[in-house]
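Asker: give the three-dimensional model of this entry:
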Amino acid sequence: MSDQTVRKSSIGRTVKAYVTLTKPRVLELLLVSTVPVMFLAQGGLPNLWLVLATVIGGSLSAGSAAAFNMYLDRDIDAHMHRTENRPLVTGEVSPRGALIFSWTLAIVSTVWLLATTNWLTATLSASAIFFYVVIYTMILKRRTEQNIIWGGIAGCFPVLIGWSAVTGSLDWPAFILFLLVFLWTPPHYWPLSMKYKDDYEDVDVPMLGVTRNASQVGLQVILYAWATVACSLLLVPIAGMGLVYTVSAAVFGGWFIYESHRLYNRAVHGTEPRPMRVFHASITYLTLIFVAVAVDPLLPF
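Answerer: Reported below is the predicted structural model:
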């Protein structure tokens, strides 16, 4: 193998490692809740350049928060099977390199959104980074089983960012969708904490799956799933949603609730609760709901 080939391979691995710091899978989910809200705020098809600018800024912002998170959690990531291959654990990226990368993304994303959207959108983006890094990662995550409930607020900001990018302000539909994501986050993440209970227990992170038994976690998942679906239906009268969204919220919400009850019933009866089924169902549910949010304003019914 030539030196040039080796260098290219090394550069490729480094680039891949830095991309991994941004948690691309989480990033995809955040964008799913940003773009559809822009359609709703516009009442139809928004300016495509504005959508692109918001997606770029939002991606950089979310990537910054994720990279900061990996930098701060590198000590416990090394002891968890789920995270033992992250770049800071394997040494592909140095702590100094990760910190510089995180700050660079944070600054660039804020300046970009300020230049291409408006001051409110840029402020919300910076606030999301602060909330995820400081409030969740540094303060709540290792101290309380309520970490996901309140720390999850960071993941709600994209709906506000999408709305403000279009309107330059905030309104009730945006707040309802903010609340929807807030209520959705615990029943999305708690099943994951059940799956990786031993990992979190080994590093003394008090996720609900560690501090409570499976049936107690299952009950909490049910309660939050019902609350999430009820909140999704509030958007119908408040935003004047049409048939597509109304039917989608009811049908997909019913399915999400069914999967939550199934998790609880299996836990109560002492069988394998299969928490990842609810975890994946929650992602599908949120994606379909926001697709309906985007499609509904485009139709006359």
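Asker: name the helices or strands packed onto the helix or strand harbouring residue 52?
Answerer: Using DSSP states H and E, residue 52 maps to helix 48-72. Judged by 3 or more Cβ pairs under 8 Å, 6 or more residues apart in numbering; DSSP states H and E, helix 48-72 is in contact with helix 3-21, helix 24-32, helix 35-42, helix 87-90, helix 95-116, helix 119-130, helix 157-167. The way it works is simple: take the backbone N, C-alpha and C, and place the C-beta from them, glycine included.
Asker: quick one, which of the ones you listed is nearest to residue 248?
Answerer: Checking the helices and strands packed on helix 48-72 against residue 248 by Cβ to Cβ gives helix 35-42 as the closest, at 11.6 Å.
Asker: between helix 48-72 and the closest one, find me the angle.
Answerer: Using axes from the mean of the first three to the mean of the last three Cα atoms, to 10 degrees, one finds that helix 35-42 and helix 48-72 are set 140 degrees apart in direction.
Asker: what about helix 35-42, average pLDDT?
Answerer: The pLDDT scores in helix 35-42 average 97.
Asker: list the buried residues in it.
Answerer: 35, 36, 37, 38, 39, 40, 41, 42 (16 or more other Cβ atoms under 10 Å).
Asker: for those, which one is nearest residue 183?
Answerer: Closest approach between the buried residues of helix 35-42 and residue 183, by Cβ to Cβ: residue 37, at 16.4 Å.
Asker: gap between the nearest residue to the closest one once chain neighbours are set aside and residue 181?
Answerer: Spatially, and ignoring its direct neighbours in sequence, residue 37 is nearest to residue 162 (3.6 Å; Cβ to Cβ, 6 or more residues apart in numbering). Between residue 162 and residue 181 the computed distance is 11 Å (Cβ to Cβ, to the nearest Å).
Asker: compare the two (neighbour count), which wins?
Answerer: Taking other Cβ atoms under 10 Å, residue 162 and residue 181 do not tie; residue 162 has more neighbours (31 against 25).
Asker: OK, contacts around the more buried one?
Answerer: Residue 162 sits next to 33, 34, 35, 36, 37, 38, 41, 54, 58 when contact means Cβ atoms under 8 Å, 6 or more residues apart in numbering.
Asker: where's the spatially closest residue to residue 272 that is not a sequence neighbour, which helix or strand?
Answerer: Closest residue to residue 272 apart from its sequence neighbours, by Cβ to Cβ, 6+ apart: residue 266 at 6.7 Å. Assigned by DSSP H and E, residue 266 belongs to helix 243-268.
Asker: for whatever helix or strand comes next after that helix, buried residues please.
Answerer: Reading on from helix 243-268 to the C-terminus, the next helix or strand found by DSSP H and E is helix 275-295. By 16+ other Cβ under 10 Å, the buried positions in helix 275-295 come out as 275, 278-279, 281-283, 285-294.
Asker: same thing with stretch 214-225?
Answerer: Judged by neighbour count using 16+ other Cβ under 10 Å, the buried positions of stretch 214-225 are 214, 215, 217, 218, 219, 220, 221, 222, 224, 225.
Asker: where does the fifth one land on pLDDT?
Answerer: Here the pLDDT value assigned to residue 219 is 95.
Asker: so who does it touch?
Answerer: Residues near residue 219 by Cβ under 8 Å, 6+ apart: residue 264.
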